[in-house]
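Trainee: what follows is a protein structure lacking sequence information:
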Ligand SMILES: NC(=O)c1ccc[n+]([C@@H]2O[C@H](COP(=O)([O-])OP(=O)(O)OC[C@H]3O[C@@H](n4cnc5c(N)ncnc54)[C@H](OP(=O)(O)O)[C@@H]3O)[C@@H](O)[C@H]2O)c1
């Protein structure tokens, strides 16, 4: 069984990984991989109204198995007026072939509509039983603080990889934990654009030492503390199985430190 993380203060546990669906190349392969993921215990699927065709693929993949999965989807800020949010959610539900989503996120905040208005729509949708939990994405600490004035948010989905793990773990995570907000992290594998030079040499050296692959080392590092849900995307069943095995290894403290050192980025990013 995959390690699990509590969706903060909800009593609900989720797998340490979620499967992403952005930018699908081959819809049939993605559909098969989602089904395989659920079979393998990866039952949290991340999608968004913005990911063209993805909600439909998820809908087909989970047909007849809705109760087995936790679906996260997102509304775009341009649609996030009170009425627009409700309309977007209704469209997502149709594409997903379901009558509720587990977690609904504001994809990012751009000021098109006041945050309070969007959160009011989220609260309404919760009352209606159309979303179980509300959350946000790409929110800084200040923006999370603002959102909490209006509604209980349980999740902030942010970029999380070896390039920004210090900022996420050092600043965003302590704040989120204090407030009962679980972080989930996207782009853990850099969308397949792997690092080069010394960084890749270190990852390769460590992967060889443990008989792991580079993606496994990276995912192992990002899940080592079991505090952030890591969302990777793959359309390939062999990659899926490879990634799911990554928490089975324990790297030595020295090897974690070596990775941390070679990927140190000192400047502050967008979240703080
Ligand atoms: N909230 C937001 O603003 C936001 C932004 C970006 C992404 N997201 C979510 O997060 C998910 C993950 O991020 P992402 O899709 O951008 O990037 P990612 O998961 O970092 O990388 C996906 C890429 O890695 C490859 N890959 C996966 N496992 C591999 C393995 N074991 N070996 C070699 N290649 C492997 C995949 O190709 P194959 O298919 O060939 O395996 C794919 O090209 C998205 O799909 C989306 O659901 C959210």
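Mentor: Thanks, I have it. It should be emphasised that the depicted structure is a prediction, and the values quoted were computed from it without experimental measurement.
Trainee: going forward, measure contacts and count neighbours with C-alpha atoms only.
Mentor: Fine.
Trainee: residue 103 contacts residue 75, doesn't it?
Mentor: No. Using C-alpha atoms under 8 Å, residue 103 is not in contact with residue 75; the gap is 11.1 Å.
Trainee: from the chain's centre, how far out does stretch 151-169 sit?
Mentor: 9 Å (C-alpha atoms, centre = their mean, to the nearest Å).
Trainee: likewise for stretch 9-24?
Mentor: 6 Å.
Trainee: list the buried residues for that stretch?
Mentor: By neighbour count on 16 or more other C-alpha atoms under 10 Å, the buried set for stretch 9-24 is 14-22, 24.
Trainee: could you do stretch 125-140 as well?
Mentor: Within stretch 125-140, the residues that count as buried by 16+ other C-alpha under 10 Å are 125-126, 130-140.
Trainee: same check on stretch 251-270?
Mentor: By 16+ other C-alpha under 10 Å, the buried positions in stretch 251-270 come out as 251, 255-256, 258-260, 262-263.
Trainee: closest to the ligand out of the residues you listed?
Mentor: Nearest to the ligand among the buried residues of stretch 251-270: residue 263, at 16.0 Å, using C-alpha to the nearest ligand atom.
Trainee: can you list the residues that contact stretch 73-90?
Mentor: The set of residues external to stretch 73-90 that reach it, using C-alpha atoms under 8 Å, 6 or more residues apart in numbering, is 46-50, 92, 101, 103-114, 117-118, 120-122, 125.
Trainee: what about the ligand: which of those touch it?
Mentor: Among the contacts of stretch 73-90, the ones lying near the ligand by C-alpha under 6 Å from any ligand atom are 46-47, 107.
Trainee: looking at those, which are in strands?
Mentor: residue 46 (DSSP state E).
Trainee: any chance of the ones next to the ligand among the contacts of stretch 73-90 in a markdown table with distance to residue 220 as columns?
Mentor: Formatted as a markdown table, those follow (distance: C-alpha to C-alpha, whole Å):
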| residue | distance to residue 220 |
| --- | --- |
| 46 | 20 |
| 47 | 23 |
| 107 | 26 |
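Trainee: closest one of the ones next to the ligand among the contacts of stretch 73-90 to residue 151?
Mentor: residue 107 (16.2 Å; C-alpha to C-alpha).
Trainee: can I assume the closest one is in contact with residue 134?
Mentor: No. Using C-alpha under 8 Å, residue 107 makes no contact with residue 134, being 11.5 Å away.
Trainee: about what we covered before: keep the buried residues of stretch 9-24, but drop any that are not near the ligand.
Mentor: Among the buried residues of stretch 9-24, the ones lying near the ligand by C-alpha under 6 Å from any ligand atom are 20-22.
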